[in-house]
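Novice: next input, structure requested:
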Amino acid sequence: MYQGLDFPSTKHYCCVMIPELIDIKSIWNVLPEGVYESTLEEIEQRFAYNPKRKQLFEGFKKGVDSLRRAGCRIVFLNGSFITSKPIPGDFDACWDPSGVDEKKLPPVLLDFSDKRRKQKKRFGGEFFPSNAHADGSRTFVNYFQIDKDTDRRKGIICIRLLR
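Specialist: Next comes the predicted model:
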């Protein structure tokens, strides 16, 4: 289904709506295990419900728009923004580089220096290529599906930009 991406072969779910958050004994409730296809409008309605979250969502949309203009077809959203944390610090995202014209990307989306400081300043969060290695062994799209506090599987959101 997601050509070019390294998804686990079992327990992959894809739904048209964002499910309710669940307790996996982490700090905050998270999405159940799976990859949930959604639209920007659905994400905004579900997660941009206070001033800080609205600010983060606007930054996320700016990054997504830049990626779309460069030919990106799929972005994955992760991080405390899609948890029950009332005031998330940022969002984490990764994007499928297949078909992306890097010359059309703002340089900041390819700048991972200084703990992605420039990305965080411009967008409020971070954008990584989905096929880059996050921890030496897992790609970001797979790394994002593991809760960092419990090592249990959790869900992420997939946004299709070009059809």
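
Novice: which residues in this structure form strands?
Specialist: For the chain, applying DSSP state E gives strands covering 34-38, 74-78, 92-95, 126-129, 155-160.

Novice: any idea which of the ones you listed is most buried?
Specialist: Highest mean neighbour count of the strands of the chain: strand 92-95, a mean of 26 (counted as mean count of other Cβ atoms under 10 Å). Where C-beta positions appear, they are placed from N, C-alpha and C, glycine not excepted.

Novice: give the rounded mean pLDDT of that strand.
Specialist: For strand 92-95, mean pLDDT is 98.

Novice: send the alpha carbons of it over as PDB?
Specialist: The C-alpha atoms that make up strand 92-95 are tabulated as PDB, following Å, rounded to 0.1, in the frame of the first residue of the first chain:
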ATOM      1  CA  ASP A  92       7.100  15.000  14.700                       C
ATOM      2  CA  ALA A  93       6.500  14.200  11.000                       C
ATOM      3  CA  CYS A  94       8.100  12.200   8.300                       C
ATOM      4  CA  TRP A  95       7.600  12.300   4.600                       C
END
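
Novice: for Pro107, what are its contacts?
Specialist: For Pro107, no residue meets the contact criterion (Cβ atoms under 8 Å, 6 or more residues apart in numbering).

Novice: apart from its neighbours in sequence, what residue is nearest the most centrally placed residue in the chain?
Specialist: Computing the C-alpha centroid of the chain and ranking residues by Cα atoms, centre = their mean puts Leu77 first, at 1.8 Å. With sequence-adjacent residues excluded and distances taken as Cβ to Cβ, 6 or more residues apart in numbering, Leu77 is closest to Ile157, at 4.3 Å.
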